[in-house]
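> Build me a model:
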Amino acid sequence: MESKKQTIASAFGLENEDELFKHCMDVSLSTPNCSDILNKLVCSHLDTKEMIYCAFMCGRMQEMDIEMASMLYLKSRLADIINEKI
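Prediction:
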């Protein structure tokens, strides 16, 4: 029997996971500490569920080293470029 894996975004009922991930990457890489990240999230256009999801993701990204976070960001941007060309 197969078990279906649920993502955090789908658990929150969010359908814009990719856009939120990009937003988290932008905020996490451009902001040095957690309090500034939370300020940016609170002052953004996000609704409550999106803000909680982004706060969780940004917190996880803060635990990563900068090289790993940068690599994820570059992979995300490269995927965007490839998808635009197709």
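
> drop to CA atoms for contacts and neighbour counts, all remaining ones
OK.

> which residues sit in contact with the most centrally placed residue in the chain?
Centroid-nearest residue in the chain: Phe21, 2.5 Å away (criterion: C-alpha atoms, centre = their mean). Phe21 sits next to Cys54, Met57 when contact means C-alpha atoms under 8 Å, 6 or more residues apart in numbering.

> So which residues of the chain form strands?
Remark: no strands are assigned in the chain by DSSP state E.

> What lies in contact with the longest helix seen in it?
Assignment by DSSP state H gives helix 66-85 as the longest helix of the chain. Under the criterion C-alpha under 8 Å, 6+ apart, residues Lys22, Met25, Leu29, Met61 lie in contact with helix 66-85.

> And stretch 29-39, by the same measure?
The contact list for stretch 29-39 (C-alpha under 8 Å, 6+ apart) reads Val27, Ser28, Ala55, Cys58, Gly59, Gln62, Ala69, Ser70.

> From Cys58, how far out is Met64?
10 Å (C-alpha to C-alpha, to the nearest Å).

> and what of Gln6?
The gap separating Gln6 from Cys58 is 19 Å, by C-alpha to C-alpha.

> Please apply the same query to Met71.
Taking C-alpha to C-alpha, one finds Met71 at 15 Å from Cys58.
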